[in-house]
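Peer 1: Quick one, what's the 3D model for this:
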Amino acid sequence: MLKILKNFTDSPTSGGIILFICVLISLTIANSPLGATFENILNTPLGFETASVHLRYTTALWINDGLMAIFFLLVGLEIKRELVSGELSTPRQALLPIFCAFGGAIIPAGIYFAVNQGTETVSGWGIPMATDIAFALAVIAMLGRRVPASLKVFLAALAIVDDLIAILIIAIFYSAELHTIYLGYAAAILALLFIFNKLGIRSLIFYLIPGLFIWYFVHHSGIHATIAGVLTAMTIPLATKGQQEPPLLKLEHALVTPVNFLIVPLFALANTAIRFEEGMLEGLISPLGIGIIVGLMLGKPVGVYLMTKLAILLRIGSMPEGASWAQIIGVGLLAGIGFTMSIFIALLSFSDNLLIAEAKFSILVASLLSGVTGYILLSRVAPPSNDNEKKT
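Peer 2: Just a heads-up that it's a prediction; the model follows:
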């Protein structure tokens, strides 16, 4: 039994399967007699507060601002590892996924902005910019050997850069009024962690406990609290010392399972509890719905394809080994699976519950269609028969 459980948790598709199940459970609960009870649970205050310490928030906020900071900590660790020694460590390796990530972010945002310009929903332009790493990699992993390994690495690198863009967008455009004194406290602790890194301190406790204080001060500064996870990750040492496992890799390995099988599923449960009401389908053809669906389903693959063409034309990037242009489009479609990050930005974009529900529903529809069409295309497209196709 333990072996079966270990094989499941080690499978690259299992995270996506759990996410999908949680979405179905959340939707079922929301549209059942238990819906009101579930909503009350999400709105139940937890924690404590005193005259000087404020740590009493709703269950939903603890999930979205607290647990998701751990998700962003893991994302930050992955970004740092790729920048230092992975797929983003050299200009030649990094430029193609960086180009494609920016193309896959700017074009969807432009489509959404054009459709929603002059409306109350224009502030959601960041929603279709995001790619859900867990779902996208789970889908491409299910294709097995039908796609080259280089294409899977390309999608992973693209999604990581995409997450970095989303993090910057949240920090710059979706944060509240800044309180500089709290920001100063957070900056001072962050500087101390970089000093710890330079001094060669490798014990994770010296980074994680101060990281909790960074989260607290960032949360009260007006910048979204989850950014604290990324900031803390950037300070954690990656250099090896003898035969010991680097602290960054040790923490990354420790976080993968709880993040993929607890934190992200909890986020899905809490944020996809959409009650289907009369007129909900009409929201799909509203400017909000069209902007999200067209942005993710069309903007993503167009942006990835055009930027790949441009990078190869300028000779600053090379085609993933063994991949065809049709497969690049397929990867672009998988990048249109927004889900976690898109829903997260939707929560920051609107205060109206109806708009949030319509945005979530549009994200679910767009992500499902993008994943299915991407999977079908990649499963049926043969790799290029010669090197000439890769160079055109």
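Peer 1: would Ala268 count as being in a helix?
Peer 2: Yes. Counting by DSSP: H, G, I helix; E, B strand; the rest coil, Ala268 is found in a helix.
Peer 1: list the contacts for it?
Peer 2: Contact analysis of Ala268 by CB atoms under 8 Å, 6 or more residues apart in numbering lists 19, 22-23, 26, 339-340. The C-beta positions use only the backbone N, C-alpha and C, and glycine is treated the same way.
Peer 1: 7 Å - rerun?
Peer 2: By CB atoms under 7 Å, 6 or more residues apart in numbering, the contact set of Ala268 is 19, 22-23, 26.
Peer 1: Select from those the one having the most neighbours.
Peer 2: Leu19 (24 neighbours; other CB atoms under 10 Å).
Peer 1: wouldn't that one be in contact with Pro265 here?
Peer 2: Yes. Applying CB atoms under 7 Å, one finds Leu19 in contact with Pro265, separated by 6.2 Å.
Peer 1: Tabulate the contacts of Ala268 (a markdown table), appending secondary structure.
Peer 2: Output for the contacts of Ala268, formatted as a markdown table (three-state DSSP):
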| residue | secondary structure |
| --- | --- |
| Leu19 | helix |
| Cys22 | helix |
| Val23 | helix |
| Ser26 | helix |
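Peer 1: which one of the residues you listed sits closest to Leu334?
Peer 2: Leu19 (14.4 Å; CB to CB).
Peer 1: And that closest one, how far from Ile25?
Peer 2: Leu19 sits 11 Å away from Ile25, going by CB to CB, to the nearest Å.
Peer 1: lowest confidence element among the helices and strands of the protein?
Peer 2: Between all helices and strands in the chain, the lowest mean by mean pLDDT, DSSP states H and E belongs to helix 387-391, at a mean of 45.
Peer 1: Can you name the residues in contact with stretch 239-254?
Peer 2: With contacts defined as CB under 7 Å, 6+ apart, stretch 239-254 is touched by 74, 77-78, 80-81, 202, 204, 236-238.
Peer 1: Nearest to Ala357, out of those: which one, please.
Peer 2: Nearest member of these to Ala357, counting by CB to CB, is Leu74, at 28.2 Å.
Peer 1: these two touch, right, that closest one and Leu255?
Peer 2: Yes. Leu74 lies in contact with Leu255 (CB under 7 Å); the separation is 4.6 Å.
Peer 1: So the two - more neighbours on which side?
Peer 2: Set side by side, Leu74 and Leu255 show more neighbours around Leu74, with 23 against 19, by other CB under 10 Å.
Peer 1: Look up how far Gly126 lies from the more buried one.
Peer 2: Distance of Leu74 to Gly126, computed by CB to CB: 21 Å.
Peer 1: Next: Lys250.
Peer 2: In terms of CB to CB, Lys250 sits 33 Å off from Gly126.
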